[in-house]
Structure formats: structure tokens, C-alpha cells
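Enquirer: structural data only, the sequence is not supplied:
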């Protein structure tokens, strides 16, 4: 098999090399040209020549090796074959091996709500509060006593008793009500945490999308100024321009390089934050199918009272009221029941001689009346202050969320108007400026300073569009957060 492969490769070596060499030499003048239209010809020629070189290597080296591995797979049980296939994919299709998963905004939010550790802890705390509700009927431990000695006479007797104390029944009811209110408060805390997490995930998702577009824009500008620098250097060598044109291109390209490095750092930081929010080890990338966030406008501002933050404050107010009623209920008397059993030796009140084998029993019931009221009155006074604080916090919270919604709505309308301008005119104007500047500079109608000025204006328009898109998405994210129920 090895001799067959070597013979076939030897026979095909000359025709394959001749075919590739003829085509490559034919495109070589285009790849080295610097005249009019070279900006289009050079990339095309480079792609063709590179493709021919790769195709030649594939035909003469990779395909014969793969053929030998396929033919011998029954002997080597497929293991080297799998390695060769993986090596082939890594060499020619690295994007298949290192590809990152894209994720939609809805899927990202669902993943975060499912995996985020902060939300998990809040849900566990809610479960903890709910299980505490049954402790509202907690009764004090019973008191068991044992007594031995000269209880009734000079003879030694024994006595044991059991006593159980109870609070007033309304105390237990108030305790359960307060515990239910605390569990309800934690439930709205979970809802508020989920709403905040959705807002945070949406914000990071949008920021990642915009950063990727900014990176592509910088890469495009870098390529444009690289070509401009090449032309400026060639013109300087021929004496058609001065050193200022080359320095301008070098300076502008260095600025773009600095911006790219800073953006790469920010992009990696934002990706890490996205992974932490999703609590995932996979490197997810936002898809680019939809750059604009979709708003869920709520025409009825009264529905803002259904926001988890407001309902949390309402529940906190209810909890403070339940705690006040609980402290008042503790003013009510408690009661206890007791059972006693004892032996007796000696002569009893009935003039009967007892030897200690007989047992005598009794029961007791009584009330526990508070004699000192100062501490409990202080607790009730503190509970009233807590209720007033909760009421003030509720009123302030309602006004604050209404104000935030009004401001977010105004920001959304302004950002929407700006974005419409860029979508309808701004981006098309930027494309016209790019094309016109490139065409006129190539034809010698404008100098390099005018070309730089026009390109900077076009880049500024594209950057302003991204800023408008970011402002729009930020306003939509805040509106959706305030409109959640």
C-alpha cells in the first residue's frame, strides 16, 4: 500500500505543481501591483494564490496520508484514524474545534435563573423561612420534678410532678402570622433578585454585542489605514508625497491599535462576568440576530405597584404590623397545668397508718400574670416605630419607582428617536462618506488630509450609532425591569 501511494504521488507531482504554478504566476502581478485598483486586486490575488498553495499541499501530502490510514483502519482499529481526522480538522478548520456557543437573550436569562448561585441561595432561604412557619406553635418544655425526703412527717417519702406552661392561644396565632409574613417577604426578595438578575444579564448581553461590533469596526479601520500606510510609504519612496502623510497614517493606525487592545481587555472582562452570571464553564457568545432589545411598555403606571420591590415593601409593612400585634398579645396572661404524685408513710389525716406503698395524686391549674410591664411596653413601642418606618419606606418606594419609570420612559423615547435617525440616514451617510473618500483619493481628487477627515467623519457616525444603540438598549432594559411583576 505504501509503494502504491508513493508511486501515485510521484506520478501526480509534476502535473499538480505545473497547474498550481501557472495559475499562481498569473496572479503574481496582481498581488504585487500598486497602481489604480490595487486595493481590490491585491486581496483577490492573495486569496487565489494562498488557496492554490493549500490545495497543492492537500493533494500531494494530506490526501495520500489519509488514504493510507483509511485503507489500514481494520488493522489499527481506527485509533490513528481518529487522531488523523482530528489533526486534519485542527489544521484546516480551527473554527470547528475552537468554536464558541452562541446563545439567545431568552436562553441566557433562563440559564442564569436556573444556575446563578445568588438566586439559589435566596430560594434556599425562602425554603428555610417557609419551614419556620410551623414553629409558631412551639410550646415551652414541660417541667418534670422529683422530690425525696421528709415531706409529710419524720418518715421519708418521694414525690414527682410534671408541669406544662402555655401562652395565651392568640400568641401562637400571632407568631404564625408573623412567620408567614417573614416567608412572604423572602418570597418577594427572591422575585426582586430574579428581576435584578434578568436586568444584569440583559445589560451584559447587550454590552457584549456592541463591543463585538466596535471591534469589527476598529479592525476594518485598521485594515483601511494599513492600506493607506502602504500607499503613503510607496508614494514617499517615489517622491510623490512628504513624510507627513506617512506619519499621519502610522499615528492613526497606532491609535487604532491602542483602542483594540483596550477593547480586547474590556471584552474579556465582560465575557468573564457573563460566565459568572450564567454560572457556566462554557464560553457563550451572544448571537447577532437581534441587536435591539424589545420593550414591554406598561401604559398603566398603577401597575408599577405590582413590581417586586414595591410588593416587598408592602410585605415588610405587613410584617411590622404582625410583629406589633404579637408583642401586644404577649401582654395576655399565660397558664399552666400540673400533675403531682407522692407516697406517704405514717398516720394520715384519716387516722390510717400508711406504709409508703399507697400513692396520692393531685392536679393544679393556674395563670401566669405579668407583674412588671416596663420591658414589654418598650417592645411594643419599638414595634410601633418599626411599623412607622415600614410605612414611610413604602410610600417613598412607590414614589421612587414611579419617578424611575418616568425618567426611563423619557430616556427611551429620546434614544429611540436618535436610533431611528442613524438607522434611516446616519449609517447610509457613513457608507457614502467611506466610498466617496476612497474613490476620490484613488482618483487624485482629494489629498490625504481630506481623505482622513472624511473617514474620521464616517467612523464617528458609526460610533455614534453604537452609542445610540447602547442608550436605547439601556433604556429598554430599565423599562422592562420596572415593568416586571
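Expert: Great, that's in hand. The structure presented is a predicted model; accordingly, all values stated were derived computationally and were not measured.

Enquirer: only C-alpha atoms for contact and neighbour calcs from this point on.
Expert: Will do.

Enquirer: within the helices and strands, which one has the closest residue in space to residue 419 that isn't next to it in sequence?
Expert: Nearest non-adjacent residue to residue 419, counting by CA to CA, 6 or more residues apart in numbering: residue 468, 5.5 Å away. Secondary structure from DSSP states H and E places residue 468 in helix 448-482.

Enquirer: try residue 293
Expert: With DSSP H and E as the test, residue 293 turns up in no helix or strand.

Enquirer: and what of residue 360?
Expert: strand 353-368.

Enquirer: chain center to the next helix or strand along the chain from that strand, what's the gap?
Expert: Downstream of strand 353-368, the next assigned helix or strand under DSSP H and E is helix 374-421. Put simply, helix 374-421 sits 25 Å off its chain's centre (CA atoms, centre = their mean, to the nearest Å).

Enquirer: quick one: average pLDDT of stretch 458-470?
Expert: Across stretch 458-470, the average pLDDT comes to 91.

Enquirer: which positions within it qualify as buried?
Expert: Buried residues in stretch 458-470, defined by neighbour count with 16 or more other CA atoms under 10 Å: 458-459, 461-470.

Enquirer: just say helix, strand or coil for residue 147.
Expert: Following DSSP: H, G, I helix; E, B strand; the rest coil, residue 147 is assigned to strand.

Enquirer: end to end, how far does stretch 126-139 reach?
Expert: Using CA to CA, to the nearest Å, one end of stretch 126-139 lies 24 Å from the other.

Enquirer: just for this structure, where's the confidence low?
Expert: By pLDDT under 70, the weakly predicted segments of the chain are 1, 33-44, 71-100, 235, 240-242, 288-289, 297-301, 485.

Enquirer: can you show me the strands along it?
Expert: Assigned by DSSP state E, the strands in the chain fall at 101-103, 143-149, 157-166, 284-286, 334-347, 353-368.

Enquirer: please identify the most buried of those strands.
Expert: strand 284-286 (a mean of 21; mean count of other CA atoms under 10 Å).

Enquirer: does anything pack onto that one? Which helices or strands?
Expert: strand 101-103, helix 169-237 (3 or more CA pairs under 8 Å, 6 or more residues apart in numbering; DSSP states H and E).

Enquirer: adjacent strands (with direction) for the first one?
Expert: Yep, that's strand 101-103 we're talking about. According to DSSP bridges, strand 101-103 forms sheet pairs with strand 284-286 (parallel).

Enquirer: what does the partner strand contact?
Expert: 100-105, 205, 208-209, 275 (CA atoms under 8 Å, 6 or more residues apart in numbering).

Enquirer: most neighbours among those, which one?
Expert: residue 205 (23 neighbours; other CA atoms under 10 Å).

Enquirer: for the residue nearest to that residue when sequence neighbours are not counted, give the beta-bridge partners.
Expert: Once flanking residues are discounted, residue 205 sits nearest to residue 286: 6.3 Å by CA to CA, 6+ apart. Taking DSSP bridges as the rule, residue 286 bridges to residue 103.

Enquirer: residue 286 and residue 475, how far apart?
Expert: 19 Å.

Enquirer: do residue 264 as well
Expert: 26 Å.

Enquirer: now swap in residue 337 and tell me
Expert: 66 Å.

Enquirer: swap in residue 342?
Expert: From residue 342 to residue 475 the distance is 80 Å (CA to CA).

Enquirer: partner strands of the strand holding residue 360, with direction?
Expert: strand 334-347 (antiparallel).

Enquirer: who's in contact with the strand it pairs with?
Expert: With CA under 8 Å, 6+ apart, strand 334-347 has contacts from 152-153, 155-168, 352-369.

Enquirer: repeat that with 7 Å
Expert: Strand 334-347 has contacts (CA atoms under 7 Å, 6 or more residues apart in numbering) with 155, 157-168, 353-369.

Enquirer: residue 264 and residue 475: who's more crowded?
Expert: A count of neighbours by other CA under 10 Å puts residue 475 above the other of residue 264 and residue 475, at 25 against 15.

Enquirer: and the nearest residue to that one once chain neighbours are set aside, how many neighbours?
Expert: Among residues not flanking residue 475 along the chain, residue 412 sits closest, at 5.0 Å (CA to CA, 6+ apart). Residue 412 has 22 neighbours, counted by other CA under 10 Å.

Enquirer: what's near enough to touch residue 412?
Expert: 472, 475-476.

Enquirer: what's the distance between the spatially most central residue of the chain and residue 403?
Expert: Nearest to the mean C-alpha position of the chain, by CA atoms, centre = their mean, lies residue 277 at 3.1 Å. According to CA to CA, residue 277 stands 28 Å off from residue 403.

Enquirer: nearest residue to residue 173 in space, ignoring adjacent ones along the chain?
Expert: Nearest to residue 173 is residue 136, by CA to CA, 6+ apart, at 7.3 Å.
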